[in-house]
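> please find the sequence and the predicted model below.
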Amino acid sequence: MGHSFGGVTAVLALVKEPGFSCAVALDAWMFPLENALYPEVPKPVLFMNTEKFQTPESVAKMKRLSSRNSQTKIITVLGSVHQSQTDFPFFTGNLISRIFGARGTLDPSKGLDITSRAALAFLQRHLSMAR
């Protein structure tokens, strides 16, 4: 599991390390992943995107992976920004967060809850964890 560049690193780990069963990519920055590696991603990925970060090109790369594996999912959390999936919005006040674009229109606690629940459900499904 990783955020931004760490998100695409989590996807790459599926190619490089056979011990991983799946990956969760939080607002993954897809451009560092070489096009030649897409056919080699063998396992499911959950892409949890924020509304204000992703570009059509990045989402197209996610869809390319999704078309190769029916268990790969792409979710966009409306009202969220790139920092919504981190703890940064909790450290700054509401005004400062809005000025610097660190907080979207979605309450940070709700955004974190959505992200956590979706990631846990995905991991439970693909790691055979007890519910």
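Alright, I've got the coordinates.
> ok, residue 20 touching residue 13?
Yes: between residue 20 and residue 13 a contact is recorded at 5.4 Å, counting by CB atoms under 8 Å. C-beta: built from backbone N, CA, C; applies to glycine.
> buried sites along the longest helix seen in the chain?
Criterion DSSP state H: the longest helix present in the chain is helix 108-127. Neighbour-count burial for helix 108-127, counted by 16 or more other CB atoms under 10 Å, picks out 108, 111-112, 114-115, 118-119, 122-123, 126.
> now do it: which elements does it pack against?
Judged by 3 or more CB pairs under 8 Å, 6 or more residues apart in numbering; DSSP states H and E, helix 108-127 is in contact with strand 23-26, strand 45-50, strand 73-77.
> and the average pLDDT for the first one is what?
For strand 23-26, mean pLDDT rounds to 95.
> cool, and the last one?
Strand 73-77 shows a mean pLDDT of 92.
> partner strands of it and their direction?
Sheet pairing here is set by DSSP bridges, and for strand 73-77 it gives strand 45-50 (parallel).
> residues making contact with the strand it pairs with?
7, 10-11, 14, 22-28, 59, 62, 65-66, 69, 72-77, 80-82, 84-85, 104, 115, 118-119, 122 (CB atoms under 8 Å, 6 or more residues apart in numbering).
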